[in-house]
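Participant: Curious how this folds, go ahead:
(chains A and B)
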Number of protein chains: 2
Amino acid sequence: MDIETLSEKILTGDRRALSRAITLIESSRADHRDQAVQLIERLKDAQRQAIRVGLSGTPGVGKSTFIESFGKMLTGQGLRVAVLAVDPSSARSGGSILGDKTRMEELSRDPNAFIRPSPAQSHLGGVARRTREAVTVCEAAGFDVVLIETVGVGQSETVVAEMSDLFILLIAPAGGDELQGVKRGIMEIADIILINKADGDLKPAATRTCSDYAGALRLLRKRPQDPADFPKAMMVSALERDGLQKAWDEMTALTNWRRENGHFDARREAQARYWFQQEVRQGLMAQLDTPEARARMQDFAERVAAGDITPTVAAQELLQGLRG
Amino acid sequence: MDIETLSEKILTGDRRALSRAITLIESSRADHRDQAVQLIERLKDAQRQAIRVGLSGTPGVGKSTFIESFGKMLTGQGLRVAVLAVDPSSARSGGSILGDKTRMEELSRDPNAFIRPSPAQSHLGGVARRTREAVTVCEAAGFDVVLIETVGVGQSETVVAEMSDLFILLIAPAGGDELQGVKRGIMEIADIILINKADGDLKPAATRTCSDYAGALRLLRKRPQDPADFPKAMMVSALERDGLQKAWDEMTALTNWRRENGHFDARREAQARYWFQQEVRQGLMAQLDTPEARARMQDFAERVAAGDITPTVAAQELLQGLRG
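Facilitator: Sure thing, here's the model as predicted:
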């Protein structure tokens, strides 16, 4: 299928064309990469926008159940939902989050939902680019909501936040010291913290945890792009499908507020600049990612470690070699 | 003065030659850079080694007083002490830590001490390279101890730890919640945590803080390069010059242990590799640091923000322009 046909099919919402496009995006073959770039360039002109929702939570907080329940609720309202993932560990484990669609059995069979596992990649940078491009293809295919899931590991939250319109942190109820476990950096990028499992025995703990987080959020510096009552903490039960509509109402309210105040577009523009700079950096670094360059790096590193040459001179000679 | 003469003078411990060499290292002029590289290449062959002690502490913990007291104690024992600084804020503030030698009045007049403020630089990377090179010049000039000071801001501790044989964190006595304020990452790179101001009214608080840190350090994973009782927390009073000898005894004991077990050399080798890789990265990134490249970056960034071009295509075109 040529790129023009593929592009037209995506614009009609064809799911097989969408899958195919993402496979093209994930390929590391140079000709595929060229086609993917052409495709995205073409789809850009459709100017369709979904709400991009970043979602982070450590294993065990019930992320899959949340996505299943939340996704079903949205499709039940006639919305089309795409679920993508950024998984920094997939390269190491060989597996990937969302790899097993049985985790979201109902949603994966829903004609208004599209679930795609995280691409297996060696670099978080590579995963980031491919997920970001997949988001734009999903938007062109007419999805209303794109959920971008990640586990709370290392820099993956920052990566997801930089491609999301709003960022949701999913938390499990816990004991009094739990707050310490959440990195301040994540609190600062979260728009809504959802305390999941607010059901059965865990309800009292969830209530306490929610109140702890609400208190902690009040201590953070206010962000000019937020209405006065954001960021906020709320309770949900993905299992009992409770509180999900309220969470969605808050998400749309925040999004509408930002649209009306110009922050929505400003954020997307800032993100585009950020990704451009990242692409430039990665493009420069890619010069080191050839077998020859790696061998030369290794060789110089040994001589540097042995004290035969200073780091500065070794780097100069290596870079001259790359250019010449 | 030619580089050969300068080099010879440095090897005799000539302080004016040392100052001159560091000025050369800090210069951004291309001919100075070439001379600095030649000089370091030449001095390397002397193979002199100081103990490089990284020292971090936020403003108010009494860092200057500590360096003054600790440095005077060492020079009193016939040791020669150099004090350098890595200050990530110097570019912004225009000033620099150690900029005012009156902060260490006695030590700065000591013929066996050499104090050099942090170079004013726009990038932490640039400060890092220059400080690292200044360390090697101080070693060649026969200093026994090189103290590398930094404030606890951002990545500067990592930078200092990567050029130190051991890393000391200076802390002030505080209330019960104080532990939360210290980033886990810094705890993990500290070999010795010194609770300063263990004198007068603050003695009880210092004792409590010391015990808190000792407990927290026991929870960290043991490091294979450490004897069983490291990392450790200790109390000192820089003001009353109390506990300083004990702290120095621990530093030399740790250093000797690492030397005997091969960890000292292994760490320096790993650091040399690290700095080589950093130099290569910075060298590649330097291509973006010309007026032309910045103007082109700016231009593409505007087009990307406006949605006229995707980040990927913009980066490709920019990089082609840099190469062509």
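Participant: Break down chain A into its helices, ranges please.
Facilitator: Secondary structure of chain A by DSSP state H: the helices cover A:3-11, A:15-26, A:30-44, A:63-76, A:90-93, A:105-108, A:124-140, A:156-161, A:184-189, A:203-219, A:244-260, A:263-285, A:291-305, A:311-323.
Participant: Out of the ones you listed, which gets the lowest mean score?
Facilitator: Mean pLDDT across the helices of chain A is lowest at helix A:90-93; the value there is a mean of 47.
Participant: ok so, going back, is it possible to export the helices of chain A to CSV including distance to chain B?
Facilitator: Every C-beta, even on glycine, is put in place using the N, C-alpha and C of the backbone. Formatted as CSV, the helices of chain A follow (distance: least, Cβ to the nearest Cβ, whole Å):
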stretch, distance to chain B
helix A:3-11, 14
helix A:15-26, 10
helix A:30-44, 6
helix A:63-76, 24
helix A:90-93, 20
helix A:105-108, 29
helix A:124-140, 7
helix A:156-161, 14
helix A:184-189, 9
helix A:203-219, 12
helix A:244-260, 16
helix A:263-285, 3
helix A:291-305, 4
helix A:311-323, 3
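Participant: wait, which of those is closest to B:Ala253?
Facilitator: Among the helices of chain A, helix A:291-305 comes nearest to B:Ala253, with 26.2 Å by Cβ to Cβ.
Participant: Check which residues of that closest one are buried.
Facilitator: A:Ala293, A:Arg296, A:Met297, A:Phe300, A:Ala301, A:Arg303, A:Val304, A:Ala305 (16 or more other Cβ atoms under 10 Å in any protein chain shown).
Participant: circling back: save the helices of chain A as a markdown table, and put in distance to B:Tyr274 too.
Facilitator: Rendered in a markdown table, the data for those read as follows (distance: least, Cβ to Cβ, whole Å):
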| stretch | distance to B:Tyr274 |
| --- | --- |
| helix A:3-11 | 44 |
| helix A:15-26 | 32 |
| helix A:30-44 | 32 |
| helix A:63-76 | 36 |
| helix A:90-93 | 22 |
| helix A:105-108 | 45 |
| helix A:124-140 | 20 |
| helix A:156-161 | 23 |
| helix A:184-189 | 24 |
| helix A:203-219 | 36 |
| helix A:244-260 | 42 |
| helix A:263-285 | 16 |
| helix A:291-305 | 9 |
| helix A:311-323 | 8 |
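Participant: Out of those, flag the one nearest B:Gly71.
Facilitator: helix A:311-323 (28.1 Å).
Participant: Can you give the contact residues for that closest one?
Facilitator: Helix A:311-323 is touched from outside by A:287-288, A:293, A:296-297, A:300-301, A:303-304, A:309, B:37, B:40-41, B:129, B:133, B:272, B:275-276, B:278-280, B:282-284, with contacts defined as Cβ atoms under 8 Å, 6 or more residues apart in numbering or on different chains.
Participant: Ok, stretch A:241-257 next?
Facilitator: A:51, A:53, A:69-70, A:73-74, A:165-166, A:168, A:191-192, A:194, A:198-199, A:226-227, A:230, A:232, A:234-238, A:263-264.
Participant: Going by neighbour count, which of the residues you listed are buried?
Facilitator: Among the contacts of stretch A:241-257, those scoring as buried are A:51, A:53, A:69-70, A:73-74, A:165-166, A:168, A:191-192, A:194, A:198-199, A:226, A:230, A:232, A:234-238, A:263-264 (criterion: 16+ other Cβ under 10 Å).
Participant: So which of those residues belong to strands?
Facilitator: Among the buried ones among the contacts of stretch A:241-257, the members falling in strands are A:Ile51, A:Val53, A:Leu166, A:Ile168, A:Ile192, A:Leu194, A:Lys232, A:Met234, A:Met235 (criterion: DSSP state E).
Participant: with the residues you listed in mind, which one is nearest to chain B?
Facilitator: Using Cβ to the nearest Cβ, A:Ile51 is the member of those that sits closest to chain B, with 17.5 Å.
Participant: tell me the contacts of that closest one?
Facilitator: Per Cβ under 8 Å, 6+ apart, neighbours of A:Ile51: A:Asp144, A:Val145, A:Val146, A:Asp165, A:Leu166, A:Met251, A:Thr252, A:Thr255.
Participant: Who wins on neighbours among the residues you listed?
Facilitator: Using other Cβ atoms under 10 Å in any protein chain shown as the neighbour criterion, A:Val146 leads these with 27 neighbours.
Participant: pLDDT score assigned to that one?
Facilitator: Reported pLDDT for A:Val146: 98.
Participant: Specify the beta-bridge partners of it.
Facilitator: A:Arg52, A:Ala82 (DSSP bridges).
Participant: That one and A:Leu79 touch, don't they?
Facilitator: No - with contacts counted by Cβ atoms under 8 Å, A:Val146 stays clear of A:Leu79, the gap being 11.1 Å.
Participant: Roughly how far does A:Asp229 sit from A:Glu250?
Facilitator: According to Cβ to Cβ, to the nearest Å, A:Asp229 and A:Glu250 sit 9 Å apart.
Participant: which one of those two has more residues nearby?
Facilitator: It is A:Glu250, of A:Asp229 and A:Glu250, that has more neighbours when counted by other Cβ under 10 Å, with 19 against 9.
Participant: quick one, domains of chain A?
Facilitator: Taking automatic domain parsing as the reference, chain A has its domains at A:1-46, A:48-261, A:290-323.
Participant: If we ignore the residues flanking it in sequence, what's nearest the residue nearest to the spatial centre of chain A?
Facilitator: Geometric centre of chain A, nearest residue: A:Val160, 3.1 Å, by Cα atoms, centre = their mean. Once flanking residues are discounted, A:Val160 sits nearest to A:Gly54: 4.2 Å by Cβ to Cβ, 6 or more residues apart in numbering or on different chains.
Participant: burial count for that neighbour?
Facilitator: 26.
Participant: hang on, isn't it packed against A:Val159?
Facilitator: No - A:Gly54 is not in contact with A:Val159 according to Cβ under 8 Å; the separation is 9.1 Å.
Participant: residues shared between the contacts of the two?
Facilitator: The contact sets of A:Gly54 and A:Val159 overlap at A:Thr150 (Cβ under 8 Å, 6+ apart).
Participant: Give the full set of residues in contact with A:Ser7.
Facilitator: A:Ser7 neighbours (Cβ under 8 Å, 6+ apart): A:Leu39, A:Arg42, A:Leu43.
Participant: Same list (those) but as a markdown table, adding neighbour count.
Facilitator: Output for these, formatted as a markdown table (neighbours: other Cβ atoms under 10 Å in any protein chain shown):
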| residue | neighbour count |
| --- | --- |
| A:Leu39 | 23 |
| A:Arg42 | 17 |
| A:Leu43 | 23 |
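Participant: Report how many residues lie close to the residue lying closest to A:Ala306 once chain neighbours are set aside.
Facilitator: Spatially, and ignoring its direct neighbours in sequence, A:Ala306 is nearest to B:Glu269 (7.7 Å; Cβ to Cβ, 6+ apart). Counted by other Cβ under 10 Å, the residues lying close to B:Glu269 total 16.
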